[in-house]
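Asks: Sequence first, predicted coordinates after that:
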Amino acid sequence: METGKCNGGTTAEKLPEIKFTKLFFNGEFHDAVSGKTFETIDPRDGKVIGRVAEGDKEDVDLAVKAARHAFDHGPWPRFSGSERGRLMHKFADLIEENADELAALDAVEAGKSFEFAKRGEIPTVLSCFRYYAGAADKIHGEVVKMTKPSMFGYTLKEPVGVVGLIVPWNFPSVLFAAKVAPALAAGCTMVVKPAEQTPLSALFYAYLAKQAGIPDGVLNVVTGFGPKAGAAVASHMDIDKISFTGSTEVGRTIMQASATSNLKLVSLELGGKSPILIFNDADVEKAAELALVGNFLNKGEICAASSRVLVQEGVYDKLVKRLVEKAKGWTVGDPFDPTARQGPQADKKQFEKILSYIEHGKREGATLLTGGRAVGDKGYFIEPTIFANVTEDMKIYQDEIFGPVMSLMKFKTVEEGIKMANNTKYGLAAVIVSPNIDLVNMVSRSIRAGLIWVNCNLELDVSCPFGGYKMSGFGLDNGLDALDGYLHVKSVVTPLHNSPWL
Ligand code: NAD
């Protein structure tokens, strides 16, 4: 199917059954104290899929009480690491058994490709739970070599306590796992606040955790809106740490809430405006594919999207030609259609925001090479869009658009390319395309970003820490570094009597 045509609306029959719509705490589903619910919407047509409990401050309080009780008195933090790991493996097995349903919930709420959710995202969720299940019995401190030989010191690693996990809508399952799995392995108990656009899979995961035997009160989920339920989590006096993924703007609010409440620990995974640098010696075909995927996969709703495409002048014309040809063949359509590479944007607000950025780009004088319009007359579909002649002062160059909009720029020297790449308030990721290892090594070290992909793009792996520089935040998801984020280090010091060294 060509860009500009939309095959949405053919799959009402593929709606997954919606089983869980209430808040989950203390091992049970509950209505909100207020009795209120909110609509969750199908972005293929803007229609209501279901109604979900609208949690607020009182509900967050109840969920935190459950998590606090489970932490202070329950078995989870007291289990051996191998017992926690065993239950996490069981949880992963149940997720695997329910992969289709979980992928369908994310596809229908977020508008993401069902095939990609099923074959890419749920396997990522599984490897995340299994990785941290394997790490749960390898948490230990170390013996410290003290300056005074008459003293003995060692460190203990202890769970930080009750954690608040606030996640966005673009990867509901992957980001749920990226936070919940290391927190569980560490022995923390938690309250998860999924995004209001995508609450359903988090409730399903909570149900599966209970089936796996994870004790009541360990994993609690409060659905609701950011400024109410999210803000109540961020400012709660009995939450010891917040791990947040979302926009830089809300990240700032989370830090303020910590500062004015109990100074809880904060870890922030925020926005990005990442560059892809394509050098003169790059394979043009490969570079075009990497740029395309980096901009249009998941409809561009990716924090690490390579939305600034910086191309060295020797390959610029050839690359632009291929990019435009490929973008025209990038199919937009129903996320349940396996031939569609791009579904609808997650919601109306996001759809309108992206279209207004496109208008901005045109007004600012960038050249629209392809795309630029909505697709079809229902739902929130947008054409893959490419702008050329973008300049560094333009809004579309500096702001995170979070949609299928690529900005192309030309550079002459390597130094100029690096300078342009670093000309952003963000620092989440960067892509380098070149076969020259010396150039790659030099550029990798010159770019201020948390993750550098060389001759590949968006290769996220649970073993590899992921986090930002600058206004893309601080703290890490993935890898053993993420596990450390849910652990306190405690030092224990004692005199050594009768030591032969005294
Ligand atoms: P958002 O910041 O609006 O919302 C994220 C979460 O925060 C949601 O659950 C929301 O309900 C909650 N929230 C909103 N206001 C709140 C408040 N005042 N207090 C507490 N919680 C609040 O972000 P979004 O629009 O849902 O997601 C898109 C953003 O997320 C983009 O900027 C994107 O780059 C970023 N993101 C970053 C990463 C990463 O790993 N760095 C990954 C995915 C998305």
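Replies: Nice, I can see it. All values reported here derive from a predicted model rather than from experimental measurement. Numbering: from 1, shown residues only.
Asks: ok, for A340, nearest residue in space, not its chain neighbours?
Replies: Among residues not flanking A340 along the chain, G333 sits closest, at 3.1 Å (Cβ to Cβ, 6 or more residues apart in numbering). To be clear about C-beta, it is placed using only N, CA and C from the backbone, and glycine gets the same treatment.
Asks: hang on, isn't the one you found packed against G343?
Replies: Yes - counting by Cβ atoms under 8 Å, G343 is a contact partner of G333 at 7.2 Å.
Asks: more crowded one of the two?
Replies: More crowded of G333 and G343, by other Cβ atoms under 10 Å: G343, with 30 against 27.
Asks: who touches that one in this structure?
Replies: Neighbouring residues of G343 by Cβ atoms under 8 Å, 6 or more residues apart in numbering: 43-44, 107, 111-113, 299, 332-335, 381.
Asks: so what's the backbone phi/psi at the closest residue in space to K210 that isn't next to it in sequence?
Replies: Closest residue to K210 apart from its sequence neighbours, by Cβ to Cβ, 6+ apart: G27 at 5.6 Å. When read as degrees, to the nearest 10, the backbone of G27 gives phi 80, psi 10.
Asks: Contact partners for G27?
Replies: Counted by Cβ under 8 Å, 6+ apart, G27 has contacts 210, 215-217.
Asks: Next one: it relative to L460, how far apart?
Replies: 32 Å (Cβ to Cβ, to the nearest Å).
Asks: Quick check: next helix or strand after the helix or strand harbouring A257?
Replies: Per DSSP states H and E, A257 falls inside helix 248-260. Where DSSP H and E defines the elements, the next helix or strand beyond helix 248-260 is strand 265-269.
Asks: Parallel or antiparallel, list what pairs with that next one.
Replies: strand 241-245 (parallel), strand 473-474 (antiparallel) (DSSP bridges).
Asks: between the ones you listed, which gets nearest to K57?
Replies: The minimum distance between K57 and these falls on strand 241-245, with 15.8 Å, by Cβ to Cβ.
Asks: Could you check the angle the closest one makes with helix 248-260?
Replies: Interaxial angle of strand 241-245 relative to helix 248-260 (axes from the mean of the first three to the mean of the last three Cα atoms, to 10 degrees): 170 degrees.
Asks: Could you export stretch 276-286 as CSV, CA atoms only?
Replies: Backbone C-alpha positions of stretch 276-286 (Å, rounded to 0.1, in the frame of the first residue of the first chain) are rendered in CSV as follows:
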residue,chain,number,x,y,z
ILE,A,276,22.0,10.4,13.0
LEU,A,277,25.4,11.3,11.4
ILE,A,278,25.9,9.9,7.9
PHE,A,279,29.4,10.3,6.6
ASN,A,280,30.8,10.5,3.0
ASP,A,281,32.0,6.9,3.1
ALA,A,282,28.7,5.4,4.3
ASP,A,283,26.8,2.8,2.4
VAL,A,284,23.9,5.0,1.2
GLU,A,285,21.3,2.2,1.0
LYS,A,286,22.0,1.1,4.5
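Asks: Could you give me the buried positions within that stretch?
Replies: Using 16 or more other Cβ atoms under 10 Å as the test for burial, stretch 276-286 gives 276-279, 282, 284.
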